[in-house]
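Engineer: just need the structure, nothing else, for what follows:
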Amino acid sequence: MKVVIVGGVAGGATAAARIRRLDEQAEIVVFERSGYVSYANCGLPYYIGDVITDPEELTLQTPESFYRRFRVNMKVRHEVTAIHPDEKTVSVRNLETGEEFEENYDKLILAPGAKPAQPRLPGVGIDKLFTLRTVEDTFRIKEYINKNHPKSVALAGGGFIGLELAENLKELGMDVTIVQRPKQLMNPFDADMASFIHNEMRRHGVRLALGHTVEGFEKKNDGVDVLLKGEAAIHADMVILAIGVVPDTALAKEAGLELGMKGSIVVNDRMETSIPDIYAAGDAVQVKHYVTGEDALISLAGPANKQGRIIADNICGRDSRYLGSQGSSVIKVFDLTAASTGVNETNAGKAGLDVDTVILSPMSHAGYYPGGRVMTMKVVFEKETCRLLGAQIVGYEGVDKRIDVLAAAIHAGLKADRLKDLDLAYAPPYSSAKDAVNMAGFMIDNIVTGTLKQWHMKDIDSLPRDGSVTLLDVRTVGEYEKNHIDGFRNIPVDELRERLEEIEKNKRVYVICQSGLRSYIACRILEGNGYDSYNFSGGFRFYDAVKNDRCLIEKAASCGMDR
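Structural biologist: Residues are numbered from 1 along each chain as shown. Down below sits the predicted model:
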């Protein structure tokens, strides 16, 4: 059996190694357009920022090491230019010599990945304007920085690559501006949770120009002007496009394979394409979202590696199935860690799901043990079924641990209220006896059983201020005087029982505290005494962060950026 693989990074390299482990006799040939195989895409920004200083650390394998261990012919700087399904051959060009030849196959695997989205805008392609996808792109950017010492950079795009570049370039001493059309960074997060990411970027001096449309680029004053629709241009010494990626599927299209959203390759759960004996994996394929069941494009290394393994299993006579992508991810944002899994509240709504959320601010470990830090957690679940749909966490240590627990719970089909039953490891330096994930489960259980009723950030502007409801802040007098929401009166929770006569029983009571815990206790006191009460999800800390962020974004609409 002869297997030809197009693309030698995540999915392609994984498939090649797995095939060899299952079939010692198979002939395996990999064609990789770049000069490197099995490299760590996610590490590229950290080489630019001098966190990784040895370029060899970026490549997990070389063509030579891959051959020594797996007897796989890794042919770098070779571009597959055409697929001929009827003849079961591919056309190949050696990019170093110009030689062109045909290669036959029994099985063909397409793992071309995705390419940076190149908008059709004036100025795209000028020097001092870069994209980042390959190791060669990384070296090109790094060489330009070392040679020219630019003092400022504009990043078009606020996803994973944009944020990682922003941090690394800022650490090199550059002035960094992120500009993009959406009014938030990191689309896997809801806008309210993204507020904490925005605040961290500003805290480290990164300027944000959110909600601005880039109309082009222009050389000016030995730098580049980023031209904005209806706004003054943003000038920088260099620009990096990080506006996302699109499937690199020109080959598949020309070969007649069925294509899906944004030109991605349609595959079944065995990763088979519409043409027999051709498989596809990675960022180029359309998958099913594990939670919603809808078609999706999810460009992450984990799914690509799993898909490569599944292809290898099926080629070698096994029966492996891809269950779908859940989109679990984590990113370092200066001192913060931000992580998500499943679907957020916004996308759940777009998918037609009727959802509720809980927002909590647990400590990373036991409060009495030194060094604990607050994290902000948002868990999304379906109202009628209590199905766990997704989660987002922003904080410091322990974020990755909790998101992985929640990702596993979603994959296992655990009901959201069952999070309270998970038996999780505890020691004071690592967690609390009631872990943050358990606490989310307790809160959801209270909602499901009717013990807790909530109100949310989206309800604030519509709350009556005419006295028809009671607006109650149960923090201390000092906290209240420092800052509070207009219209809310202050009765500290520890005084509430003695001051119940100050609250009319025939009116709904909307309660808030700093994090949501004291207001929950206040709601139980009120309910126990015949009141109809609602607890604010997230607390004043959450409200204040989101409100301030929204104000800064709106203010930036008039000046092009914020801090």
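Engineer: Asn148 is in contact with Asp222, isn't it?
Structural biologist: No. In this structure Asn148 lies outside contact range of Asp222 using Cβ atoms under 8 Å: 9.5 Å. Placement of C-beta: from N, CA and C, glycine included.
Engineer: who's more crowded, these two?
Structural biologist: For Asn148 and Asp222, the more surrounded residue by other Cβ atoms under 10 Å is Asn148, and the numbers stand at 12 against 9.
Engineer: look up phi and psi at that one.
Structural biologist: phi -110, psi -10 (degrees, to the nearest 10).
Engineer: again, but for Leu132
Structural biologist: According to degrees, to the nearest 10, Leu132 has phi -130, psi 110.
Engineer: now for it: which residues touch it?
Structural biologist: Contact partners of Leu132, counting by Cβ atoms under 8 Å, 6 or more residues apart in numbering, are Leu44, Pro45, Ile48, Pro116, Thr138, Ile141, Ile161, Leu165, Ile240, Ala242.
Engineer: make it 6 Å
Structural biologist: Ile161 (Cβ atoms under 6 Å, 6 or more residues apart in numbering).
Engineer: ok, Gln514 next?
Structural biologist: The neighbourhood of Gln514, defined by Cβ under 6 Å, 6+ apart, consists of Arg475, Gly539, Phe540, Arg541.
Engineer: can you count the residues close to the second one?
Structural biologist: For Gly539, the tally of surrounding residues (other Cβ under 10 Å) stands at 23.
Engineer: cool, and the last one?
Structural biologist: Here the number of neighbours of Arg541 (other Cβ under 10 Å) works out to 15.
Engineer: all helices of the stretch 251-400 of the chain, in order?
Structural biologist: Assigned by DSSP state H, counting those that start in this stretch, the stretch 251-400 of the chain shows helices spanning 301-315, 345-350, 399-411.
Engineer: pick the most buried one from those.
Structural biologist: helix 301-315 (a mean of 23; mean count of other Cβ atoms under 10 Å).
Engineer: which strands and helices sit next to that one?
Structural biologist: Using 3 or more Cβ pairs under 6 Å, 6 or more residues apart in numbering; DSSP states H and E as the contact test, the elements touching helix 301-315 are helix 10-22.
Engineer: swap the cut-off to 10 Å and go again
Structural biologist: In this structure, helix 301-315 makes packing contacts with strand 2-6, helix 10-22, strand 107-110, strand 278-280, strand 285-288, judged by 3 or more Cβ pairs under 10 Å, 6 or more residues apart in numbering; DSSP states H and E.
Engineer: lowest average confidence, helix or strand, in the chain?
Structural biologist: Counting by mean pLDDT, DSSP states H and E, the chain has its least confident helix or strand at strand 114-116, which shows a mean of 83.
Engineer: end to end, how far does stretch 322-329 reach?
Structural biologist: 18 Å (Cα to Cα, to the nearest Å).
Engineer: of all the residues in it, which ones are buried?
Structural biologist: Going by neighbour count (16 or more other Cβ atoms under 10 Å), the buried part of stretch 322-329 is Tyr322, Gly324, Ser325, Gln326, Gly327, Ser328, Ser329.
Engineer: my read is that the first one contacts Asp269, right?
Structural biologist: Read that as Tyr322. Yes. Tyr322 lies in contact with Asp269 (Cβ atoms under 10 Å); the separation is 5.2 Å.
Engineer: tell me which residue is most central in this structure.
Structural biologist: For the chain, the residue nearest the mean C-alpha position is Pro188 (4.6 Å; Cα atoms, centre = their mean).
Engineer: residue contacts, the nearest residue to Thr470 once chain neighbours are set aside?
Structural biologist: Leaving aside its sequence neighbours, Thr470 sits nearest to Val509 (Cβ to Cβ, 6 or more residues apart in numbering; 4.5 Å). When the contact criterion is Cβ atoms under 10 Å, 6 or more residues apart in numbering, the partners of Val509 are 469-472, 503, 522-523, 526-527, 531-535.
Engineer: switch to 6 Å and redo it
Structural biologist: Counted by Cβ under 6 Å, 6+ apart, Val509 has contacts Thr470, Leu472, Leu526, Tyr531, Ser533.
Engineer: in strands, which of these fall?
Structural biologist: Secondary structure assignment (DSSP state E) places Thr470, Leu472, Ser533 from those within strands.
Engineer: name the member of these with the most neighbours.
Structural biologist: Neighbours here mean other Cβ under 10 Å. Within the ones in strands among the contacts of Val509, the largest count is held by Leu472, at 26 neighbours.
Engineer: just list whatever residues bridge to that one.
Structural biologist: On DSSP bridges, the residues paired with Leu472 through beta bridges are Arg489, Val511.
Engineer: do you know how far it is from Gly487?
Structural biologist: The span separating Leu472 from Gly487 equals 10 Å under the rule Cβ to Cβ, to the nearest Å.
Engineer: what's across from the closest residue to Ile278 other than its chain neighbours in the sheet?
Structural biologist: What sits nearest to Ile278 in space, not counting adjacent residues and going by Cβ to Cβ, 6+ apart, is Leu108, at 4.7 Å. Beta bridges link Leu108 to Val4, Ile278, judged by DSSP bridges.
Engineer: what number of residues lie near the residue nearest to Asp532 when sequence neighbours are not counted?
Structural biologist: Nearest non-adjacent residue to Asp532, counting by Cβ to Cβ, 6+ apart: Arg508, 5.1 Å away. Per other Cβ under 10 Å, the neighbour tally for Arg508 reads 17.
Engineer: just send the helices and strands packed on helix 301-315 back as a markdown table, with mean pLDDT and mean neighbour count too.
Structural biologist: As requested, those are arranged in a markdown table below (pLDDT from 0 to 100; neighbours: other Cβ atoms under 10 Å):
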| stretch | mean pLDDT | mean neighbour count |
| --- | --- | --- |
| strand 2-6 | 98 | 25 |
| helix 10-22 | 95 | 24 |
| strand 107-110 | 98 | 28 |
| strand 278-280 | 98 | 27 |
| strand 285-288 | 96 | 23 |
